[in-house]
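1. Build the 3D model from these lines:
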Amino acid sequence: MASTLNIYQPNSDLQLSDHFFKTKIDGLLYFMAPKKNDERGFFSEIVKLPELEEVIGKPFEIKQVNCARSQQNVIRGLHAENWNKLVVVTSGLAFSAIADIRPDSSTFKQVELFELGCDHQQEYGSGLFITQGLANSVCVLEGPLNYLYFVDKLYSERDKTDDQAISLFDEELAIQWPIPRNEMILSQRDLNAVSLKEAIK
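-> Now for the predicted structure:
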């Protein structure tokens, strides 16, 4: 289970605002979304953009909203793209590994692990703000999983030349996954992904 791994835990020392927290990776933020639960379900204010923009010090203009639905044991990643994105899980439970693959970054090769979900019993939901160039992934622990992401560029218009697919099993990043490799459901792109060393040479 992901709970046996070194999962990120927000605390007051990491808190940047009411709902946003820093991580060990530059440009990666964790946020908590308060929920009001009752017998019907729940209501949540997922994120307030003015709060995010104050934390990052610049506007975040949403151009497109995407949703990926994945079944149990699906893993997508590690993908780095040329856009900033705000991600949230609206159903199911996910393990997410984020890696800094930017050679000029002060946190190059750092990896942070998260559990993201939307359990009816929990007081808070959670999500991430991921700066462009970071390699992100999502692994479905409890499916089906709905993974919603808000991006600041249109897919049809953004520059895709710097997109990267880094191997989930890269030796330098050494990510421990919560499900066995032979049970993972991967796309052909992710099966063919290159090592970090190959990607940056």
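2. Next one: residue 77 from residue 181, what distance?
-> 14 Å (C-beta to C-beta, to the nearest Å). (Each C-beta comes from the backbone N, C-alpha and C, glycine too.)
3. Who has more neighbours out of these two?
-> Neighbours per residue (other C-beta atoms under 10 Å) separate residue 77 from residue 181, with residue 77 holding more: 23 against 10.
4. Heading C-terminal from the top strand by length along the chain, find the next helix or strand.
-> Using DSSP state E to define each element, the chain has its longest strand at strand 134-151. For strand 134-151, the following helix or strand on the C-terminal side (DSSP states H and E) is strand 164-165.
5. what sits up against that next one?
-> Residues outside strand 164-165 that contact it (C-beta atoms under 8 Å, 6 or more residues apart in numbering) are 78-80, 101, 135, 189-190, 192-194, 199.
6. buried subset of those residues?
-> For the contacts of strand 164-165, a burial check counting by 16 or more other C-beta atoms under 10 Å picks out 78-80, 101, 135, 190, 193, 199.
7. circling back: pLDDT and secondary structure added to the contacts of strand 164-165, as TSV?
-> As requested, the contacts of strand 164-165 are exported to TSV (pLDDT from 0 to 100; DSSP: H, G, I helix; E, B strand; the rest coil):
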residue	pLDDT	secondary structure
78	97	strand
79	96	strand
80	95	strand
101	97	coil
135	98	strand
189	95	helix
190	96	helix
192	95	coil
193	97	coil
194	96	strand
199	92	helix
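8. ok, so of those residues, who is nearest residue 91?
-> Set against residue 91, the nearest of the contacts of strand 164-165 by C-beta to C-beta is residue 79 (21.3 Å).
9. Surely that closest one touches residue 167?
-> No: using C-beta atoms under 8 Å, residue 79 makes no contact with residue 167, being 11.5 Å away.
10. Show me the strands in the chain, by range?
-> Secondary structure of the chain (DSSP E): strands located at 20-22, 28-38, 41-44, 64-70, 75-80, 85-100, 111-117, 124-130, 134-151, 164-165.
11. possible to save those strands as TSV with distance to residue 55?
-> What follows is the strands of the chain, written out as TSV (distance: least, C-beta to C-beta, whole Å):
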stretch	distance to residue 55
strand 20-22	5
strand 28-38	7
strand 41-44	19
strand 64-70	21
strand 75-80	22
strand 85-100	12
strand 111-117	17
strand 124-130	8
strand 134-151	15
strand 164-165	26
